[in-house]
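Trainee: starting from these lines, generate the structure:
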Amino acid sequence: MFSKIKTCATAKEIWEKLTQIYEGNDETKENKLTMVQQKYESIKMRDGETMAEFDERFSAVVIELTSLGKEYSNRELALKVMRALPREWDVKTMAMRESKDLNRLELHDLFANLKAYKFELETRSEAGPSTSQPTKALPATTSE
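Mentor: Got it, this is the predicted structure:
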């Protein structure tokens, strides 16, 4: 690495050279941005992937886009996450769209809400079916 910057006379020149080496020229940056945007647009939660794993993978793509100068609004990110979830999440995401202000919903809050919902579902399924017996109607008698 030193061989690439040893001819630089100032700290500014060193910085610019290192930036060019690691970030590339404008064309390279555009190509990277295009590739990461395609990754963002096609992202889906995978079979067997936990919500925490999907959160980490999605957030990594968003951070990469931000570092390349592309930012999305809270609403755009929330809707993208909701569309990326499997069909079993449709009821939850529909309820969130109706009850939450997606413009103010931060990505970490969205994932926290989804993780809490998944935890609640798992807790309920572990508890098994309700132990209470269904009520039975008693036959009516009339006194004459």
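Trainee: okay, buried residues for the helix ranked longest in the chain please.
Mentor: When the chain is parsed with DSSP state H, its longest helix is helix 107-127. In terms of neighbour count (16 or more other CB atoms under 10 Å), helix 107-127 has its buried residues at L107, L110, F111, L114, Y117. In this view, the C-beta of every residue, glycine as well, is placed from N, C-alpha and C.
Trainee: ditto for stretch 67-79
Mentor: L68, N74, L77, A78.
Trainee: ok now it, how far from the chain's centre?
Mentor: Mean-position distance between stretch 67-79 and its chain equals 11 Å (CA atoms, centre = their mean, to the nearest Å).
Trainee: and it, average pLDDT?
Mentor: Mean pLDDT, computed over stretch 67-79, is 95.
Trainee: sorry, back to before: any chance of the buried residues of stretch 67-79 in TSV, with distance to D47 too?
Mentor: TSV is the format used below for these (distance: CB to CB, whole Å):
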residue	distance to D47
L68	29
N74	28
L77	23
A78	23
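Trainee: one step back: closest to M51 out of the buried residues of helix 107-127?
Mentor: L114 (5.4 Å; CB to CB).
Trainee: you'd agree that closest one is up against M51?
Mentor: Yes. With contact defined as CB atoms under 8 Å, L114 counts as touching M51 (5.4 Å).
Trainee: pull the residues that contact the least confident helix or strand in the chain by mean pLDDT.
Mentor: When each helix and strand of the chain is scored by mean pLDDT, DSSP states H and E, helix 2-5 comes last, with a mean of 74. Under the contact criterion CB atoms under 8 Å, 6 or more residues apart in numbering, helix 2-5 has outside partners I14, K17, L18, I21.
Trainee: separation between N74 and D109?
Mentor: Distance of N74 to D109, computed by CB to CB, to the nearest Å: 9 Å.
Trainee: hey, C-alpha coordinates of stretch 57-75 in CSV?
Mentor: The C-alpha trace of stretch 57-75 is given here as CSV (Å, rounded to 0.1, in the frame of the first residue of the first chain):
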residue,chain,number,x,y,z
ARG,A,57,-29.0,-8.7,5.8
PHE,A,58,-31.5,-6.0,4.8
SER,A,59,-29.8,-3.4,7.0
ALA,A,60,-26.4,-4.2,5.5
VAL,A,61,-27.8,-3.5,2.0
VAL,A,62,-29.3,-0.2,3.2
ILE,A,63,-26.0,0.9,4.8
GLU,A,64,-24.1,0.0,1.6
LEU,A,65,-26.6,2.1,-0.4
THR,A,66,-26.2,5.0,2.0
SER,A,67,-22.4,4.9,1.7
LEU,A,68,-22.9,5.1,-2.1
GLY,A,69,-25.1,8.2,-1.7
LYS,A,70,-28.5,6.5,-2.1
GLU,A,71,-31.0,7.0,0.7
TYR,A,72,-34.6,5.9,1.1
SER,A,73,-37.3,7.4,3.3
ASN,A,74,-38.6,5.6,6.4
ARG,A,75,-41.8,4.9,4.4
